[in-house]
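Enquirer: I'd like to go over a predicted model; first the sequence, then the structure.
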Amino acid sequence: MLRTHAPEVAGLLARLPLVPVDALVADEPDEVVAFAEQFAVDVSMISPDQRQALMTALGPRTRTFAGHLYVADWLPRARRALDQLAGSTTPWPVATDPGEDPWPTLDELWRAIARLRVLDPLTTELLRLRQARQHNCRICQSLRSRSALDAGGAEETYAEIDDYAASSLSERHRTGLAVVDALVWDPSGLGPDLVADVRRHFSPAEQVEVVLDLLRNAANKISVSLGTDEAHVTEGTEVYDVLEDGSVVFGLG
């Protein structure tokens, strides 16, 4: 499913060794273990003391470690969801060594995902904002997609995200938002009823893009965990757009 609808992304994911979180921190001090556990369970609850303890323990290794932790935390979620949607089990390899600095590959990966354009921009934005709120990413919550605004996105619509199950949003949008919650909060991934709903409302290519968009958006966990997620604006919102090459431009309004 992934190789069919997003072959470039599949190739980039194959370059990222997947080391489980517990193995990644096996030889690290207790402060690093506690940080990693909180990162995985609820990144919004990482305290300033936990953040400082991590930086003290790792020093210049902090950023590289955060990249490896993101991979260990979110690749299994995305892979599990893709398998559940495809109705098959892929023998994903598990590594024992995270390798060198993951950031060059991660940067390529996030741009490649951003270049996927099967999913409509309003759905993409609704899911992004839901995930931003679940992770409590300050800059992510302050941003608004120009493409989504052009497609009819409005603050009245975005205000319905928090209580989407009881909202007037379309069934397609409510289903997509349920996928966000499942990947963020449920270790088992997508239940059979949700899988059926996703298949009913999204094409196979859209299903892949939904999961990969959430994988890309989850990069905000790195910024939130390290306290580097401050918004560019002190009030209101900031308009951004994703260019054809997958890069992002800010400050458009």
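Expert: In hand now; what should we look at?
Enquirer: Which parts of the stretch 101-250 of the chain are strands?
Expert: Using DSSP state E, counting those that start in this stretch, the strands found in the stretch 101-250 of the chain span residues 143-145, 238-242, 248-249.
Enquirer: tell me what the last one is packed against?
Expert: Using 3 or more C-beta pairs under 8 Å, 6 or more residues apart in numbering; DSSP states H and E as the contact criterion, the elements in contact with strand 248-249 are strand 238-242. The C-beta positions use only the backbone N, C-alpha and C, and glycine is treated the same way.
Enquirer: Export the strand it packs on to PDB, keeping only CA atoms.
Expert: In PDB, the C-alpha atoms belonging to strand 238-242 read as follows (Å, rounded to 0.1, in the frame of the first residue of the first chain):
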ATOM      1  CA  GLU A 238      -0.200  33.300  10.900                       C
ATOM      2  CA  VAL A 239      -0.800  32.100   7.400                       C
ATOM      3  CA  TYR A 240       1.500  29.500   5.800                       C
ATOM      4  CA  ASP A 241       1.600  27.500   2.700                       C
ATOM      5  CA  VAL A 242       3.400  24.400   1.400                       C
END
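Enquirer: In its sheet, which strands sit next to that strand, and in what direction?
Expert: strand 143-145 (parallel), strand 248-249 (antiparallel) (DSSP bridges).
Enquirer: Contacts for the shortest one next, please.
Expert: If I follow you right, that is strand 248-249. By C-beta atoms under 8 Å, 6 or more residues apart in numbering, the residues outside strand 248-249 that reach it are 114, 240, 241, 242, 243.
Enquirer: chain center to it, what's the gap?
Expert: On the basis of C-alpha atoms, centre = their mean, to the nearest Å, strand 248-249 sits 17 Å off its chain's mean C-alpha point.
Enquirer: Make residue 1 into 50 and carry on from there
Expert: Done: numbering now begins at 50, and the last item shifts to strand 297-298.
Enquirer: show me where pLDDT drops low in the chain?
Expert: 302 (pLDDT under 70).
Enquirer: Could you measure from the residue nearest the centre of it over to residue 284?
Expert: Nearest to the geometric centre of the chain sits residue 267, at 2.3 Å (C-alpha atoms, centre = their mean). In this view, residue 267 and residue 284 are 27 Å apart by C-beta to C-beta, to the nearest Å.
Enquirer: The helix ranked longest in the chain - contacts with which helices or strands?
Expert: For the chain, the helix that runs over the most residues, judged by DSSP state H, is helix 111-135. Applying 3+ C-beta pairs under 8 Å, 6+ apart, one finds that helix 111-135 makes contact with helix 70-73, helix 79-91, helix 97-107, helix 152-163, helix 220-234, helix 241-250, helix 253-266, helix 269-275.
Enquirer: looking at the ones you listed, which is buried most?
Expert: helix 253-266 (a mean of 23; mean count of other C-beta atoms under 10 Å).
Enquirer: Which secondary structure elements does that helix sit against?
Expert: Judged by 3+ C-beta pairs under 8 Å, 6+ apart, the packing partners of helix 253-266 are helix 51-54, helix 111-135, helix 152-163, helix 170-184, helix 220-234, helix 241-250.
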